[in-house]
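Peer 1: Could you look at this predicted model? Sequence included:
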Amino acid sequence: MKYEALINEARVAQKSSYAPYSSFNVGAAVLTGDGQIYKGCNIENSSYGATICAERVAIGNAICDGKRELLAIAIVGGEGFSSDKMAIPCGSCLQVMSELCDDNFEIVLCEGEKIKTFKLSELLPHRFKL
Ligand code: THU
């Protein structure tokens with residue numbers, strides 16, 4: 001399967017999720033143009049608005065390492081560390097993807113063994129851009 005390694009890294013990242021308030025544990029992994037993978041997990045805060053999603057942590061890690069070509073992101077998550085429900089990215093994460101990724105950026109979602117892939121343009125068809 002095309003994104004097997006990426007999904008596996010998202011599952012590894014999910015294990016590091018810090019989500020004591022929601023118990024909703026999310027892991028993400030971004031594939032960059034040079035074939036590297038960058039992981040992220042959600043990091044919650046007692047001041048709830050300071051929480052950051054797994055997708056944005058993964059994208060931030062790639063950007064901070066100098067990567068600008070982002071090809072795909074795999075996301076796994078749900079209630080509990082071993083949850084396997086489909087975790088659709090929130091609007092803020094889609095907006096961050098919209099800033100840094102093109103329309104063909106692929107969003108790979110998992111539910112157990114089932115995998116669904118969307119283009120960014122499908123999940124955010126009308127994007128805000130300056
Ligand atoms: N969360 C993510 O990590 N990614 C999303 O796209 C949606 C939500 C996290 C944030 C919070 O820690 C928990 O899931 C419940 O909202």
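Peer 2: The structure has been received and is ready for your questions.
Peer 1: so what's residue 118 closest to, chain neighbours aside?
Peer 2: Nearest non-adjacent residue to residue 118, counting by C-beta to C-beta, 6 or more residues apart in numbering: residue 107, 4.7 Å away. C-betas here are computed from N, CA, C, even on glycine.
Peer 1: For the one you found, grab the count of nearby residues.
Peer 2: 24 (other C-beta atoms under 10 Å).
Peer 1: List the residues that contact the residue lying closest to residue 90 once chain neighbours are set aside.
Peer 2: The shortest distance from residue 90 to any non-neighbouring residue, by C-beta to C-beta, 6+ apart, is to residue 53 (6.2 Å). By C-beta atoms under 8 Å, 6 or more residues apart in numbering, residue 53 lies in contact with 26, 28, 42, 89, 90, 92, 93.
Peer 1: if we look at the ligand, which of these are close to it?
Peer 2: With C-beta under 6 Å from any ligand atom as the criterion, the contacts of residue 53 include 26, 42, 89, 90, 93 near the ligand.
Peer 1: Would you convert these into TSV that also reports neighbour count and secondary structure?
Peer 2: Below are the ones next to the ligand among the contacts of residue 53 laid out as TSV (neighbours: other C-beta atoms under 10 Å; DSSP: H, G, I helix; E, B strand; the rest coil):
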residue	neighbour count	secondary structure
26	27	strand
42	25	coil
89	25	coil
90	12	coil
93	24	helix
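Peer 1: who touches stretch 87-97?
Peer 2: 26, 53, 55-56, 59, 70, 73, 75-78, 105, 107, 109, 120, 123-124, 127-128.
Peer 1: can you pull the buried residues of it?
Peer 2: For stretch 87-97, a neighbour-count test (16 or more other C-beta atoms under 10 Å) marks 87, 89, 93, 94, 96, 97 as buried.
Peer 1: Stretch 105-118 too?
Peer 2: For stretch 105-118, by 16+ other C-beta under 10 Å, it's 105, 106, 107, 108, 109, 110, 115.
Peer 1: Which of the residues you listed scores worst on pLDDT?
Peer 2: Lowest pLDDT among the buried residues of stretch 105-118: residue 110, with 89.
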